[in-house]
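*Asks:* Could you work out the structure for the sequence below:
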Amino acid sequence: MSRSHDKNTSRFRDEPDPRFWRLNRSINFDKYLAPYDIVQSRAHARALNRIR
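*Replies:* Residues are numbered from 1 along each chain as shown. Below is the predicted model of the structure:
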């Protein structure tokens, strides 16, 4: 089921804040980097586990 993007039927009354668009502008690049971020986070967690 598709939703209408008509302003009168929209869930939100106002346009998103410009900060929203700036934050989400890089989402495609973030998806590209996600696998590398996960590998780095896991390596960091292993390192922290070794020093406890």
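*Asks:* Tell me which residue is most central in the protein.
*Replies:* I27 (5.8 Å; Cα atoms, centre = their mean).
*Asks:* distance of that one from R50?
*Replies:* When distances are taken as Cβ to Cβ, to the nearest Å, I27 and R50 turn out to be 34 Å apart. The C-beta positions use only the backbone N, C-alpha and C, and glycine is treated the same way.
*Asks:* repeat for R42
*Replies:* Counting by Cβ to Cβ - R42 and R50 are separated by 13 Å.
*Asks:* Likewise for F20?
*Replies:* Computed with Cβ to Cβ, the distance linking F20 and R50 is 40 Å.
*Asks:* again, but for V39
*Replies:* Using Cβ to Cβ, which is the criterion applied here, V39 is 17 Å from R50.
*Asks:* Over to P35?
*Replies:* From P35 to R50 the distance is 23 Å (Cβ to Cβ).
*Asks:* R52: how many residues sit nearby?
*Replies:* Other residues within reach of R52 by the criterion other Cβ atoms under 10 Å amount to 4.
*Asks:* tell me how far the helix or strand harbouring H44 is from the chain's mean position?
*Replies:* Per DSSP states H and E: H44 is located in helix 27-50. How far helix 27-50 lies from its chain's middle: 15 Å, per Cα atoms, centre = their mean, to the nearest Å.
*Asks:* what does stretch 43-52 give?
*Replies:* Centroid displacement of stretch 43-52 relative to its chain, using Cα atoms, centre = their mean, is 26 Å.
*Asks:* what distance separates the start and the end of stretch 15-31?
*Replies:* Taking Cα to Cα, to the nearest Å as the measure, stretch 15-31 stretches 25 Å from start to finish.
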